[in-house]
Structures are given as C-alpha cells and as structure tokens.
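>>> Attaching a predicted model along with its sequence, questions to come.
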Amino acid sequence: MKSIAFLILITAVSYAQMPASRTSKSDAEKIASAMRAGPKFVTQNATVLDWPSSPSGEFHVLRAGTSGWTCLPGLPGFAHDDPGCFDQVFLEFMKDSMAGRTPNVQNVGISYMYGGFWVPNKSEARGSGNEFHVGPHIMIIGLDQKIMQTLNHDGSNGEPYVNHLPGRSELFLVIPIREWNDGQAVGAVSAATR
C-alpha cells in the first residue's frame, strides 16, 4: 500500500517527482499548513519544520518550538496538502526511512494528521474515484510487527488500517477519528488562514 508520503509521504521517490523550485509556498503558508495538522495542545508549542531538498538533507526550521512535537506542511510537489505533527519517535522513524536507514524504533511513536490523507481506493466501498480520502487520523509506530501484519491493510474502507512508507516494510497503525467532511475542511482552512 502506498500512502503516507508523508508521510508521508517521504521517500527518495517522492523527491524525484518534486519540481526544482520549492518556492511555491511562502514560509507563512507552510506554517499555516502545518498548524492544521493536529490539535491545538500539540501545534501551539510545536516546532515547525520544512521538508529537506533531498532525502538525506536537513530539515529547515520555520518556527522554533518548546515542546517535543514537530509539525510539517504537506510535502511539496504532491497533489494534496497533507500536513502532519509528529512526536520525537515518529519523526526519527520518518527521517531514518527517508535517508534509507533502517529505523530502530524502540518506543511507541504518535502522529496526528487532522487534514487526513489520500490513499488508493482499493475497495471502492466509499466512492467510485481512484482515491479515497482518509479523514482526520492518528498514527502509531512501534507496535509488534507480527501482530500488525494481521490487521486491515486497506485504507479506503474507512476503518483503522496499517500502512508503511513507500519502499519500506515497517508498518504503522492508522486510526481514523472522524469521517472526512469537505465542508468542515473548507471551514478549518479558512479559519487557519485568517
């Protein structure tokens, strides 16, 4: 399953598809995107980073924070703006994966993606397009991989599922917390950009 480019969203393949110019959004727009990714108790004191220009490059600090949370805007060059907020464990997992290193996850890590994420519509149980929008969700890394293999792998059926970063095999749990509502999304985006 190929979703989170994050996450997500977040491998050498995705960088090869990015346009040469990363100036399509201002720093203020990137910060606004990142602030939509999680609850206020996470975002208000989080560090906001911008994506590196290469898989093993350095993240650029857009706003320094005082908590253990880090938020990132949606990955440049992708069709959808899918920002996320990550605790230190999940962020390190992503950095290692992006750089081609095998992640050494020793603890549970948590991420928020209140804007949701788009996945291939495998089941077509909810809509008929090629993509399905997984609504606001949390992600958890660090759970037993053998047990994770037994869980749902289809993000397009609206239920909790497991996923992995493109080109990686380490699974993480994705738990939708609310169905996607385009009307609410428009309202949230408008409020965040005022």
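Here it is on my side, so go on. Residues are numbered from 1 along each chain as shown.
>>> switch to C-alpha atoms for all contacts and neighbour counts from now on
Noted.
>>> How about F172: what's its closest non-neighbour residue?
With sequence-adjacent residues excluded and distances taken as C-alpha to C-alpha, 6 or more residues apart in numbering, F172 is closest to I141, at 4.6 Å.
>>> burial count for that neighbour?
23 (other C-alpha atoms under 10 Å).
>>> try E159
E159 has 15 nearby residues by other C-alpha under 10 Å.
>>> Contacts only, for it.
152, 175-176 (C-alpha atoms under 8 Å, 6 or more residues apart in numbering).
>>> Minimum pLDDT in the residues you listed, which residue is that?
pLDDT across these is lowest for P176, at 86.
>>> Return the subset of the contacts of E159 lying in helices.
Using DSSP state H, no member of these sits in helices.
>>> Now, of those, which are buried?
175-176 (16 or more other C-alpha atoms under 10 Å).
>>> Same list, the contacts of E159, but as a markdown table with distance to G109 please.
Putting the contacts of E159 into a markdown table (distance: C-alpha to C-alpha, whole Å) gives the following:
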| residue | distance to G109 |
| --- | --- |
| N152 | 20 |
| I175 | 13 |
| P176 | 16 |
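>>> Which of the contacts of E159 sits closest to F90?
Distance to F90, by C-alpha to C-alpha, is smallest for I175 among these, at 15.0 Å.
>>> In space, what's closest to that closest one - neighbours in sequence excluded?
Per C-alpha to C-alpha, 6+ apart, closest to I175 is P160, 4.6 Å.
>>> and the next element down the chain from the helix or strand of the chain with the lowest mean pLDDT?
When the helices and strands of the chain are scored by mean pLDDT, DSSP states H and E, helix 12-16 comes last with a mean of 34. Next along the chain after helix 12-16, taking DSSP states H and E as the criterion, comes helix 27-35.
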